[in-house]
Every structure is written in C-alpha cells, then in structure tokens.
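*Asks:* Following is a predicted model, sequence given first.
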Amino acid sequence: MSSLKEILTRRPVSATIRLTVPAGAARPAPPVGPALGQYRLNLMAFCKDFNARTQKYKPDTPMAVTITAYKDNTFEFTVKSPSVTWYLKKAAGIELGSGRPGHVVASSVTLKHIYEIAKAVSKNVNVMLLDFVDGIS
Amino acid sequence: MRGTHFFKHLSFISSWRISSQPRRLIHGVFPSPLSQRRLSSVFRNFSTSSSLPTTHSLTSPYFSVRISCPKDSADMLSEALLCFGASSTSMDEQGSDEGNDKICIDSIFSDRQDVDVCISHAADSVGLKELPSYEVRVGEQYDWIKKTQESFCPVEVTEGLWIVPEWRTPPDAHATNIILNPGFAFGTGEHPTTKLCLLLLHGLIKGGERFLDYGTGSGILAIAALKFGAASSVGIDVDPQAITAATQNAALNKISPNKMQLTLVPPDGRTHEVVEGQSPNSMGVTTESESFDIVIANILLNPLLDLADDIVSHAKPGAVVAVSGIISEQVPYIMERYSPLLESISVTEIDDWACVCGTKRRGLTVN
C-alpha cells in the first residue's frame, strides 16, 4: 500500500498508451513513432529499453505494451505476453479470424491448445517454451 | 462496406493537414521517386518506403480516430481495438472533477479500410450495446517526427563533451561537440549505454588508435572516437538506415571518408568478407581480423551472445573490447559468454544499464 507521502508526490499522468510491438524489434517508426511521438516521449529510450527487456522472448513475438506517460515527458511501461487472440490464431494456424464471426468457422483448436494458452496467459510464461508457437500443422 | 445499419451513429470527419513542406501526400498513393528527392533536410535521414512494408511507410499518412465511450469500458475497449487491428490506442488522463462519464480513446490505424470494421468488432466483443461515435483524422508522419525532434536537447556527457542535435546551437562553442541528426538510427547521446561507451572511449583513447564500432547506429561512437584522437574509425551495421544516418552525421562533423568507413554487413556475423557500402562512392571495405585497438558493440543481449566470436575476432590481442546495450540482470550471461575470450573484465553501470569491458586474451585461435 502506498504511503500518503507517495500518493502526494506521485507524478501526474498525462496519458495511457497501448500498443503491440514485436519483441526485440521496436524502432522509432510506426507504430511506435506516432503513438509515443505525440506525447513527446523519448522514442529511442523506449525502443532501447523495450528491446533489451524483451530479449528473453522469441524474436518478433507481438508483445502487448502499456505505457504510462507523465506530464513531464517521462514514462514507464509494462510488457505483457501476446493477446489471447494471437495465441489462438497461432494454435489454429491462421492469419485472420473469420470474416463472419458466428456464421463462418475459420479454423479450430484442440482442448490442449486452450489449456496451454490459459496457462501461459495467466502466468505470463516465456513464450519460447510453448511448443505449438513454432510450427503449426 | 458491409452492415451499413451499424453506422447510424457514425460521424465522419476527415481533414487534410496542410503541410508547410514542399511535397503533398496523396491519400493512398506513394510519392514518386522524383518528389522524394524534394523532401526537406529534416527527412534526409529517413529512408524511403523500400525497406519497410507499405503499411508502415514513413511517407504515407496514418489515421487517427477519436472514439468516445463510457469510462468503465474504456480499458477493455482499448485492448479489444488492438486485437482487431488498431496499431495503438491512447487515453488522456482525465481530472477526477470532471462529471463526464465518457472518455475519449485516440486510436491509430495504418489502413483506412480497417477502421470501421475494427471498431464495430471491438465494441461488440466488450459488450457495448451501441457503436461508439468516432471521428477519423488523417495524421502525417511529419507531425510526430517534428515533436520527437523538438524533444532532443544538447546533452553534456562529461565536462567538455556535448552531443548537439543538428538543429540546435552548441551551448559551448569551445567544447568537443558532436553534431547529430539520428534519423531512425539509434544513438542520440542521451541513453545511459551511449554515455557509458562515450565515457569509456574518452578515458581510453590516447591518440592514433584504430576503432571499430560494431553496430554503429547513428555513428555517434565512431565520430566521438575520432574527435578524441583516434586515427580511424570503422562503423558497421546490419541496418541500411544506420549506415545512411552515420554517413550524414560524419559529414555534419566534417569527418573525411578516409578517416571513417561505414559498411553494411549481413546479420549472420560474416563481417570479414569484403562488402560494399551503400553510397555510390564506396569502395570495397575489408574488416580484417585482428586489426583494431578498440572494439565496442553497443547493441542487444542476443546478438552479443550470438556474435561474440566475431566481435572479439576484430580486436588485436590485448586490445580493448567492450559490449553494452544490456540491462544489469543480463550481465551474468555476458560474463559467461565472454570470459573465455576476454580477461581483466570490468563492469560499469548507469541506472539499470551496464557496459562490460575487457582485453582480448592472447593466444586465442582465430577462425
């Protein structure tokens, strides 16, 4: 729990930014550029930081990043494992979901897939350990 | 468009931002090569669309959509938008005294066609009963690029050594000033790892050394080495944008090409082969084995581990090799990989970043 003093001196937040960035491959270009540049955040610092901290993930895995931008142009960010959608698409071996959800079936996944995905997302497990991420039949 | 009944709440405003630059961006059409040459100096370090997928071209507009939605669904809607195709979302922080129960989400899309479908799917998936109202604006890459540049200020790395963006005046004309326009390459001087490497170079160089900047980025270390008195610098990188940026920064600092050679190399670490650089005047550059007095690689953990042998192979026996771009918790991996290759290893740190430095062991077999 924060002390009263911490609450009083907490930096004022200007915005919360969410985006998806491939692990180890952030560049000061779209999508990072427009999203962070608008708030005058230091793009190079974010890219270097993000790339260094995502070295342990399989390269180019889309990571869900949440950035808290403060009014003084500083920022903090957290990195989470890929969205459930990404896992499902990988497991099902498809790029796009059904064009008509509820009417047309795009693909299917096994119960084991769902179990593994749920485990990974709940523990933020290192995606390199997941077998089906690599080659999908 | 399918499902036109979804759009009864749609309010659509699209506006053109009149740019003061000589070029005009045509929606959906990429500038011809001729008009790209007329891009102002602000852009000259930014590569053309050839090295990027078309949806992320630096010269095509992007689409900024402002969506109004109830406060308590905002977080979920933001995440759903990302799942359904938005490049990013942002929410400005609201004061707690605002009685409004609605909040605005600003979302960026690279493709105009994705916007309507994405918003309707996202709203559906979080259980919103009606489609939120939204407006679409065209944003130009120039907007955020300009804002980013405005945030670069001169940085004093150590007493008498400044890194100054090209568009600002050096605060101290008599100091050692490295003028930079980093473009899309890394290395503005502000980052702790750049500082660590610059301080190391500053302390090491006595005059006449041959320096290799392995992963040169903007060329900042290669340029700094020459300013400190090195005889020559070689900068290599796997990214063509880095070589472009470094070449132009060398010119900004009035460094002649025979003092600083810049070469694009393949990512697999075969840097010893003769490779031609990107500029029309390049000559074949050989990075020979064991010919450098100082080698610095300020990149990332994984390439540092994969390319350790190649990095160290360029150093003369007993020469200094330093690696950075790593966070403190990654230092043990570097130590494990580099201990067989280097001796007298020391670690310097600023904040959570580290630089590992040692001298090349004599008697190592060179592949």
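*Replies:* Cool, the structure landed.

*Asks:* Neighbours of the closest residue to B:W167 other than its chain neighbours, how many?
*Replies:* Leaving aside its sequence neighbours, B:W167 sits nearest to B:Q149 (CB to CB, 6 or more residues apart in numbering or on different chains; 6.7 Å). Yep, even glycine has a C-beta here, placed from its N, CA and C like the rest. B:Q149: 16 surrounding residues under other CB atoms under 10 Å in any protein chain shown.

*Asks:* mind listing what B:P165 touches?
*Replies:* B:149, B:152-154, B:179-181, B:188 (CB atoms under 8 Å, 6 or more residues apart in numbering or on different chains).

*Asks:* now, which of these sits nearest chain A?
*Replies:* B:T188 (5.4 Å; CB to the nearest CB).

*Asks:* quick one: the closest one and A:R18, what's the gap?
*Replies:* 25 Å (CB to CB, to the nearest Å).

*Asks:* more neighbours, these two?
*Replies:* B:T188 (24 against 21).

*Asks:* who's in contact with the more buried one?
*Replies:* A:44, B:152, B:155, B:163, B:165, B:180, B:182, B:194, B:218, B:220.

*Asks:* Poorly predicted segments of the chain, please.
*Replies:* Going with chain A. Along chain A, segments meeting pLDDT under 70 span A:1-10, A:83-87, A:90, A:93-101, A:120-137.

*Asks:* That was the other one, I meant chain B.
*Replies:* For chain B (pLDDT under 70), the answer is B:1-59, B:95-99, B:184-187, B:273-288, B:365-367.

*Asks:* any idea how far the residue of it found nearest chain A is from B:A246?
*Replies:* Closest contact between chain B and chain A, by CB to the nearest CB, is at B:W144 (2.9 Å). Separation of B:W144 from B:A246 (CB to CB): 23 Å.

*Asks:* got it, and B:N302?
*Replies:* Distance of B:N302 to B:A246, given as CB to CB: 22 Å.

*Asks:* more neighbours, these two?
*Replies:* B:A246 (32 against 17).

*Asks:* As a check, name the ranges of all helices in the stretch 51-200 of chain B.
*Replies:* Using DSSP state H, counting those that start in this stretch, the helices of the stretch 51-200 of chain B run over B:74-83, B:112-125, B:141-150, B:192-204.

*Asks:* will you turn the ones you listed into CSV that also has distance to B:P61?
*Replies:* Converted to CSV, the helices of the stretch 51-200 of chain B look like this (distance: least, CB to CB, whole Å):
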stretch, distance to B:P61
helix B:74-83, 19
helix B:112-125, 9
helix B:141-150, 7
helix B:192-204, 32
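
*Asks:* what's the angle between whichever strand in chain B runs longest and helix B:192-204?
*Replies:* In chain B, with assignment by DSSP state E, the single longest strand is strand B:315-327. Our comparison of strand B:315-327 with helix B:192-204, counting by axes from the mean of the first three to the mean of the last three CA atoms, to 10 degrees, yields an angle of 150 degrees.

*Asks:* List the buried residues of whichever helix or strand comes after strand B:315-327.
*Replies:* Using DSSP states H and E, the helix or strand that directly follows strand B:315-327 along the chain is helix B:331-338. Across helix B:331-338, burial judged by 16 or more other CB atoms under 10 Å in any protein chain shown covers B:331, B:333-334, B:337-338.

*Asks:* by contact count, what packs against helix B:331-338?
*Replies:* Judged by 3 or more CB pairs under 8 Å, 6 or more residues apart in numbering or on different chains; DSSP states H and E, helix B:331-338 is in contact with helix B:301-306, helix B:308-313, strand B:315-327, strand B:342-350, strand B:353-360.

*Asks:* And the strands in chain A?
*Replies:* Counting by DSSP E, the strands of chain A are A:13-22, A:62-70, A:75-80.

*Asks:* Walk me through the domains of chain A.
*Replies:* Chain A is divided into the following domains under the TED database: A:13-80, A:84-135.

*Asks:* Next, see if the first one gets close to chain B.
*Replies:* Yes - using CB under 8 Å from any CB of the partner chain, domain A:13-80 reaches chain B at A:13-20, A:24, A:27-31, A:33-45, A:47-48, A:51-53, A:55, A:59, A:64, A:73.

*Asks:* right, and B:G219 touches B:A246 too?
*Replies:* Yes - contact criterion CB atoms under 8 Å: B:G219 and B:A246 qualify, at 2.9 Å.

*Asks:* which residues does the closest residue to B:L342 other than its chain neighbours bridge with?
*Replies:* Among residues not flanking B:L342 along the chain, B:G358 sits closest, at 3.1 Å (CB to CB, 6+ apart). Under DSSP bridges, the beta-bridge partners of B:G358 are B:V321.

*Asks:* Touching, B:G358 and B:V347? I think so.
*Replies:* No - using CB under 8 Å, B:G358 is not in contact with B:V347; the gap is 9.7 Å.

*Asks:* Looking at these two, which one has more neighbours?
*Replies:* Higher neighbour count among B:G358 and B:V347: B:G358, with 21 against 15, using other CB under 10 Å.

*Asks:* residues touching the more buried one, list them.
*Replies:* With contact set as CB under 8 Å, 6+ apart, B:G358 has these partners: B:320-322, B:338, B:341-346.

*Asks:* related to what we said a few turns ago, with respect to B:A123, which of the contacts of B:T188 is nearest?
*Replies:* B:A123 lies nearest to A:M44 out of those, by CB to CB, at 35.4 Å.

*Asks:* In chain A, which residue sits closest to chain B?
*Replies:* For chain A, CB to the nearest CB, closest residue to chain B: A:G37, 2.9 Å.

*Asks:* Now that residue: closest residue in space that isn't a chain neighbour?
*Replies:* In this structure, A:G37 finds its nearest non-sequential neighbour in B:W144, 2.9 Å apart by CB to CB, 6+ apart.

*Asks:* Buried among the contacts of B:G358? Make that a ChimeraX selection.
*Replies:* Listed next is the ChimeraX selection for buried residues among these, using 16+ other CB under 10 Å:
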select /B:320,321,322,338,341,342,345
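
*Asks:* Just give me the closest of the contacts of B:P165 to A:F77.
*Replies:* Nearest to A:F77 among the contacts of B:P165, counting by CB to CB, is B:T188 at 18.8 Å.

*Asks:* what about that closest one, distance to B:E166?
*Replies:* B:T188 is 11 Å from B:E166, by CB to CB.

*Asks:* Now list whatever residues contact both of the two.
*Replies:* B:L180.
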